[in-house]
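**Q** Generate a structure from the sequence data that follows.
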Amino acid sequence: MDDKRINEVADWVIARGLAGGDEVSLLHGFCERCVAAGIGLTRGVIIIDTLHPVYEGRAFFWAGDKQLETIVSEYGPSEEGDNVEGWHRSPFYYLLQSGESEMRRRLEAGETEGFNVLDELRSEGQTDYLALIQRFDREAAIGEMDCFLSRWLTARPGGFSNEELAALRRLVPMLGLAVKSASLARVAESLVEAYLGRDAGRRVLQGKMSRGIVEKINAVIWFSDMQGYTALSETIESNQLIPLLDDYAEAVISAVHGAGGDVLKLMADGVLAIFTAEDPATACRAALRAEADLRSRLRELNERRASAGHPFSSIYLGLHIGDVFYGNIGSKDRLDFTVVGQAVNEASRIATMCRSADRDVLFSSEFRASLPEAERPVLVSVGRYALRGVARMQELFTRDRDLG
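**A** Presented below is the predicted three-dimensional model:
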């Protein structure tokens, strides 16, 4: 084994970690360089938890002796559902519970007792197994991200040499630090997108965080809320309220995102979203696609909830287009990345008029006028209405379901 090449692996890991390499390129580059340096690796797996609304963590795979079906796997809560038994019988779980930092098993010598996965690896021709855990200090942990797990395998007769084991024990913590850095960047991206919205989150990560820095944009404003939410919240059991909100928020957000829009704010049962494009007609078409998708999702959702004996509802929606200010608004200690302006107020008022007009969706005259003339007939007038806080009467439109 070449000590100079081992030092080069260490230098490479540090450089790629500082440069912001992703987890896959870090693992694969690490393994390939280890092999070139004389370490007889045939397989490597690294695992790190994350902070995500759905996934508990991610696993990354490398193999030099076979073609992998996947190189990245995202896993849900390890202590729930079908994952529990397998997790509790894994070497990693043993390390976490025992407080030990590594497990080495000479598979070639039959050291597989207690762990089914070791028998499987031995049957595949692997001769030696090394699992390592690098624990983070409590202050450095974020949620469940409190350690870096890895396992390393060789199929070479005789297994790992002492020199190879020493090299892995030296190099893997460096890889763990680089992977932690990449994962923290991913956590930051996931959090800001989950709580601020996709476009707003990207802008914040790009450094657009100063209070009062806003941009004037032209956008379709989507303002929706649930029909009869107040009455429902007073009559249903408290343990049914959050699932109710989650179900309808999922329908709205999925429809908006599916059509390319950005959800900016959730307000109990209300959703504020925008659609932008260089051409206003393109933004309006996207909003129309989202509205149609939402109605389809609501039909399926209501059928499912009704068949399960759960309360169900529908969504009121107001759509308007106009100029808004988009950016950071608030105090020096608490900022909100959102849209403000008269167009936002009008969209909110249009949504509230759905009850009076007995329609589930209403469009402003500006929205209809932004569509190409040939596409406007799909929106039909429901009359002129006075909107609270808006000086002039507004003609409002709804979708003609027979036309589209």
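
**Q** which residues in the stretch 151-300 of the chain form helices?
**A** 162-196, 198-205, 229-235, 238-258, 280-307 (DSSP state H, counting those that start in this stretch).

**Q** Distance from the shortest one to the middle of the chain?
**A** Going back to what we said before, that points to helix 229-235. 30 Å (C-alpha atoms, centre = their mean, to the nearest Å).

**Q** circling back: in JSON lines, list the helices of the stretch 151-300 of the chain along with mean pLDDT, distance to residue 401 and mean neighbour count.
**A** Every C-beta, even on glycine, is put in place using the N, C-alpha and C of the backbone. Below are the helices of the stretch 151-300 of the chain laid out as JSON lines (pLDDT from 0 to 100; distance: least, C-beta to C-beta, whole Å; neighbours: other C-beta atoms under 10 Å):
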{"stretch": "helix 162-196", "mean pLDDT": "89", "distance to residue 401": "34", "mean neighbour count": "18"}
{"stretch": "helix 198-205", "mean pLDDT": "77", "distance to residue 401": "30", "mean neighbour count": "19"}
{"stretch": "helix 229-235", "mean pLDDT": "84", "distance to residue 401": "24", "mean neighbour count": "13"}
{"stretch": "helix 238-258", "mean pLDDT": "92", "distance to residue 401": "17", "mean neighbour count": "17"}
{"stretch": "helix 280-307", "mean pLDDT": "96", "distance to residue 401": "9", "mean neighbour count": "18"}
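
**Q** can I get those helices in TSV with distance to residue 265?
**A** Formatted as TSV, the helices of the stretch 151-300 of the chain follow (distance: least, C-beta to C-beta, whole Å):
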stretch	distance to residue 265
helix 162-196	9
helix 198-205	10
helix 229-235	16
helix 238-258	11
helix 280-307	16
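
**Q** Quick one: closest of those to residue 70.
**A** Minimum separation from residue 70 across the helices of the stretch 151-300 of the chain (C-beta to C-beta) falls at helix 162-196, 17.6 Å.

**Q** Just give me how far the closest one sits from the chain centre.
**A** Counting by C-alpha atoms, centre = their mean, helix 162-196 comes out at 19 Å from the chain centroid.

**Q** now stretch 264-284
**A** For stretch 264-284 - counting by C-alpha atoms, centre = their mean - the centre lies 19 Å from the chain centre.

**Q** Which of the residues in that stretch are classified as buried?
**A** Neighbour counts over stretch 264-284 (16 or more other C-beta atoms under 10 Å) mark 264-266, 269-276, 280, 283-284 as buried.

**Q** now do stretch 210-223
**A** So stretch 210-223, judged by 16+ other C-beta under 10 Å, has buried residues 214, 218-223.

**Q** what about it, average pLDDT?
**A** For stretch 210-223, mean pLDDT rounds to 87.

**Q** what distance separates that stretch from the centre of its chain?
**A** Centre-to-centre, stretch 210-223 and its host chain are 23 Å apart (C-alpha atoms, centre = their mean).

**Q** C-alpha coordinates for that stretch, CSV please?
**A** Backbone C-alpha positions of stretch 210-223 (Å, rounded to 0.1, in the frame of the first residue of the first chain) are rendered in CSV as follows:
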residue,chain,number,x,y,z
SER,A,210,-31.8,42.1,3.7
ARG,A,211,-34.9,43.7,5.1
GLY,A,212,-36.7,45.9,2.7
ILE,A,213,-35.0,44.5,-0.4
VAL,A,214,-37.9,43.8,-2.7
GLU,A,215,-38.5,43.3,-6.4
LYS,A,216,-41.4,44.5,-8.4
ILE,A,217,-42.8,41.7,-10.4
ASN,A,218,-45.9,40.9,-12.4
ALA,A,219,-47.6,37.7,-11.2
VAL,A,220,-50.7,35.7,-11.0
ILE,A,221,-51.8,35.7,-7.4
TRP,A,222,-53.5,32.6,-6.1
PHE,A,223,-55.5,32.9,-2.9
